[in-house]
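J.: sharing a model prediction with you, sequence too.
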Amino acid sequence: MPNTGNSLPSLAERMRAKTEQDRQELEALTRQQFNALSESLRQSSTAALRTTEAAIQEKLGTLEENIASRCQTLSWAFGRKWLQALLLSLALLMGTALGCWGVLTLFAHRIIALQDEIQSLDASKAELESITGQLEKQTWGLRLLENQEGRFIILPPKTSAQTGWTVGKQQAIKLE
């Protein structure tokens, strides 16, 4: 039989060496698995991060398009309202200007018509004054008057009347 006194320490040493080697192999294997797991986690987290970033970018793009569309709609609506207000103001201004022009034109035509009528009346007055002058010459300045007291013939100044005269069968007054 071999010497057990010597073999026990060598067995213990071999066991220690074997345990140390197993431990080192286990550590190396564990490190390798941790590294593989770490790399797998890094790749998974990178892929998840890329997916999340892509989804966020897509949502941001959609949101940006919506905002741009709404801004354009609001801009168009406000621009349209501004244009409507401008056109309404211009229409009111034009209406007022045309209304004033129309009223002024109407007044100008009315003034011209009144001036024509005044000239016509002046001409009629002159004609009537001429006829009145001729009538006064033909009637020697006699005037007829009717009031509450009765009817009268008014004689021209410095004229006297003599009654009792007749012309044909009618009574007459002789003027001196």
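T.: Noted; the coordinates are in hand.
J.: work out for me the element the residue most central in space within the chain sits within.
T.: What sits nearest the mean C-alpha location of the chain, by CA atoms, centre = their mean, is A85, with 0.8 Å. Using DSSP states H and E, A85 maps to helix 4-138.
J.: now I173: how far from R143?
T.: Distance, I173 to R143, using CB to CB, to the nearest Å: 14 Å. Every residue, glycine included, has its C-beta placed from N, CA and C.
J.: same thing with G79?
T.: Applying CB to CB, the value for G79 to R143 is 83 Å.
J.: any low-confidence regions in the protein?
T.: Low-confidence segments of the chain, defined by pLDDT under 70: 1-6.
J.: one more time with 50, if that's ok
T.: 1 (pLDDT under 50).
J.: list residues touching both of I173 and R143?
T.: Jointly contacting I173 and R143 under the rule CB atoms under 8 Å, 6 or more residues apart in numbering are I153.
J.: coming back round to it: in contact with the residue nearest to the centre of the chain, which residues?
T.: No contacts exist for A85 under CB under 8 Å, 6+ apart.
J.: give me the number of residues near E136?
T.: 13 (other CB atoms under 10 Å).
J.: who's in contact with it?
T.: Taking CB under 8 Å, 6+ apart, we find E136 in contact with no residue.
J.: next: the one 4 residues further on.
T.: By CB under 8 Å, 6+ apart, the residues touching W140 are P156, T159, L175.
J.: do that again at 10 Å, thanks
T.: For W140, the contacting residues are L155, P156, T159, L175, by CB atoms under 10 Å, 6 or more residues apart in numbering.
J.: Three-state assignment for it, please.
T.: coil (DSSP: H, G, I helix; E, B strand; the rest coil).
J.: that one and L155, how far apart?
T.: Distance from W140 to L155, by CB to CB: 9 Å.
J.: shared neighbours, the two?
T.: L175.
J.: how close does L26 sit to L37?
T.: Using CB to CB, L26 is found at 16 Å from L37.
J.: same deal with A17?
T.: Taken as CB to CB, the span from A17 to L37 is 29 Å.
J.: same check, this time on S45
T.: In terms of CB to CB, S45 sits 12 Å off from L37.
J.: got it, and L93?
T.: 81 Å.
J.: got it, and A48?
T.: A48 sits 16 Å away from L37 when distances are taken as CB to CB.
J.: before we move on, what about L121?
T.: The gap separating L121 from L37 is 122 Å, by CB to CB.
J.: what count of nearby residues applies to L175?
T.: L175: 14 neighbours (other CB under 10 Å).
J.: surely it touches P156?
T.: Yes. L175 is within contact range of P156, at 8.2 Å (criterion: CB atoms under 10 Å).
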